[in-house]
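Trainee: Predicted structure and sequence below. I'll ask about it afterward.
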Amino acid sequence: MVCIFGLTGGRAPLVQATTAQGDSMSASTFRTDRALPGTAGTPGSAAVPPGARPAPDRPLTSIVPKELVHRTGVAEVMLTGWERVEGDHFTVTAQWPRGHSLFTTGGRYHPLIAAETIRQAGILLAHTEYGVPLDGPLPVEEIRVSTRPGLFGIGWTPATLELRVTVRPRHADDGTLTGLRAETEIRRDGRTAATGLSAVACVTAPEDERPPSRRPALRDGLPAAAPQAPLAPQAVGRLSPLDVVLSPTPRPDRWLLRTDTGHPVFTGRGGRIPDMVLLEAACQATAMTLGRPCTPLDIAAGFGPGTVPAGPCVIGARRLPAAGGTESVLVTGRLHGEPVFHSTVTAAAG
């Protein structure tokens, strides 16, 4: 398969995305129609004939299309390429920016950037390697991440990452793909920075089968409910009220979920509460329960059948018994009185 981007006339160089496996979308590489500054051939190489298309002498970094990872903006895409190694084993490359409104703070990456990277990798491979249509439902069922804090510092350049992904597809008796689980190791500078997994469902009930009372009012395909007043940002380890996803209630262990659809990260598809909103809510509820902002070491989250329909969602939390120098909090989400989300967040003991 060859995808061509750019102008077909004029003087702008075309950019072509080609693949090493013919019609497969795997092993994406990029080249330009003419040499770029600093990428000419090696010294002593023959002159390039007019009309020829010299290849750069080193790889050029680009991101994968935002549609393949369910992002509305290219600035939120973490992945830069992928390649099938053999069978259901893949290598995915990624890059973390040095600055990000949500995922960087105090010279360090927040562990949620690893969760988002793992989420994107599972969705990317579902679409490109397992035939899941781009316009089809692909709800996330589970996300897990375990981090190595020593490898989450921000350096002088963006963090370049290699993801080693093993996909475990799930099929119905008739062979139909019903879901897949992407087990992922994130490596930075040759060392394991995080491990985790994402699981998605490839077949769900049609949207219109939900009872009318469960269907959210939409605005431009997103829930139209206005967010309530947020908690104090410093109480949950955030700098801006825009990044706070919880609103207070009379109970100290209960909060209302704020779904601000204008947030660049907290965006979803089909009028549903985005996965990253719920993961951020779990981290913020953990901070409120422990009485201090904290950096999670491990996050394990499960989502209800399908993904969670948008609506007034109540977040609850309770502390679990401490063990091994860590503290854990169980966070739940209930929509219309029904459980739709649960997560265990573990942090270093304060």
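Mentor: Sure, I can see it. In this text, all values refer to a predicted model and were calculated from it rather than measured experimentally.

Trainee: Is residue 181 bridged to anything, and to what?
Mentor: Per DSSP bridges, the residues bridged to residue 181 are residue 168, residue 199.

Trainee: my guess is it contacts residue 196, does it?
Mentor: No - look at residue 181 against residue 196 with CB atoms under 8 Å: they stay out of range, at 11.1 Å. Any C-beta I mention is one placed from the backbone N, CA and C, and that applies to glycine too.

Trainee: who has more neighbours, those two?
Mentor: residue 196 (26 against 16; other CB atoms under 10 Å).

Trainee: can you pull the buried residues of the helix or strand containing that one?
Mentor: Secondary structure from DSSP states H and E places residue 196 in strand 191-201. For strand 191-201, burial by neighbour count (16 or more other CB atoms under 10 Å) applies to 193, 194, 195, 196, 197, 198, 199, 200, 201.

Trainee: residue contacts, the residue lying closest to the first one once chain neighbours are set aside?
Mentor: Distance criterion CB to CB, 6 or more residues apart in numbering; nearest residue to residue 193, sequence neighbours excluded, is residue 151 at 3.9 Å. When the contact criterion is CB atoms under 8 Å, 6 or more residues apart in numbering, the partners of residue 151 are 188, 189, 191, 192, 193, 194.

Trainee: roughly how far apart are the third one and residue 114?
Mentor: Applying CB to CB, to the nearest Å, the value for residue 191 to residue 114 is 14 Å.

Trainee: cool, the fifth one as well?
Mentor: If you measure residue 193 against residue 114 using CB to CB, the figure is 7 Å.

Trainee: next one: the first one
Mentor: With distances taken as CB to CB, residue 188 is found 10 Å from residue 114.

Trainee: between the two, who's got more neighbours?
Mentor: A count of neighbours by other CB under 10 Å puts residue 114 above the other of residue 188 and residue 114, at 29 against 20.

Trainee: Is the more buried one part of a helix or strand, or is it coil?
Mentor: helix (DSSP: H, G, I helix; E, B strand; the rest coil).

Trainee: Does the nearest residue to it once chain neighbours are set aside have any beta-bridge partners, and if so which?
Mentor: Nearest non-adjacent residue to residue 114, counting by CB to CB, 6+ apart: residue 194, 4.1 Å away. Beta-bridge pairing of residue 194 under DSSP bridges involves residue 147, residue 186.

Trainee: From here on, call the first residue 12.
Mentor: Happy to do that; since the first residue is 12 now, the last one works out to residue 205.

Trainee: quick one: contacts for residue 205?
Mentor: So residue 205 contacts 122, 125, 129, 156, 157, 158, 159, 162, 196, 197 (CB under 8 Å, 6+ apart).

Trainee: The residues you listed into JSON lines, with extra columns for pLDDT?
Mentor: Listed next are the contacts of residue 205 as JSON lines, based on pLDDT from 0 to 100:
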{"residue": "122", "pLDDT": "96"}
{"residue": "125", "pLDDT": "98"}
{"residue": "129", "pLDDT": "98"}
{"residue": "156", "pLDDT": "98"}
{"residue": "157", "pLDDT": "98"}
{"residue": "158", "pLDDT": "98"}
{"residue": "159", "pLDDT": "97"}
{"residue": "162", "pLDDT": "97"}
{"residue": "196", "pLDDT": "98"}
{"residue": "197", "pLDDT": "98"}
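
Trainee: Got a ChimeraX select line for the buried ones in these?
Mentor: ChimeraX command restricting the contacts of residue 205 to the buried ones, with burial defined by 16+ other CB under 10 Å:
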select :122,125,129,156,157,158,159,162,197
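
Trainee: Of the contacts of residue 205, just say which sits nearest to residue 353.
Mentor: Using CB to CB, the shortest approach to residue 353 within the contacts of residue 205 belongs to residue 156, at 15.5 Å.

Trainee: any idea which element that closest one lies in?
Mentor: Using DSSP H and E, residue 156 sits in strand 151-158.

Trainee: how about that strand as CSV, C-alpha atoms only?
Mentor: Only the C-alpha atoms of strand 151-158 are listed here, as CSV (Å, rounded to 0.1, in the frame of the first residue of the first chain):
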residue,chain,number,x,y,z
VAL,A,151,-11.5,-0.3,26.0
GLU,A,152,-12.2,-3.0,28.6
GLU,A,153,-9.0,-2.9,30.7
ILE,A,154,-5.8,-0.8,31.1
ARG,A,155,-2.9,-1.7,33.4
VAL,A,156,0.4,0.0,33.9
SER,A,157,3.3,-0.6,36.3
THR,A,158,6.1,2.0,36.2
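
Trainee: Residue 149 contacts residue 211, doesn't it?
Mentor: Yes - using CB under 8 Å, residue 149 makes contact with residue 211 at a distance of 5.2 Å.

Trainee: what sits in contact with each of the two?
Mentor: In terms of CB under 8 Å, 6+ apart, residue 149 and residue 211 are both contacted by the residues 134, 137.

Trainee: shaky segments in the stretch 62-211 of the chain?
Mentor: 62-70 (pLDDT under 70).

Trainee: Please repeat the previous calculation with a cut-off of 80.
Mentor: Residues of the stretch 62-211 of the chain that meet the criterion pLDDT under 80 lie in 62-71, 147-148.

Trainee: mind listing the helices for the protein?
Mentor: 123-140, 286-301 (DSSP state H).
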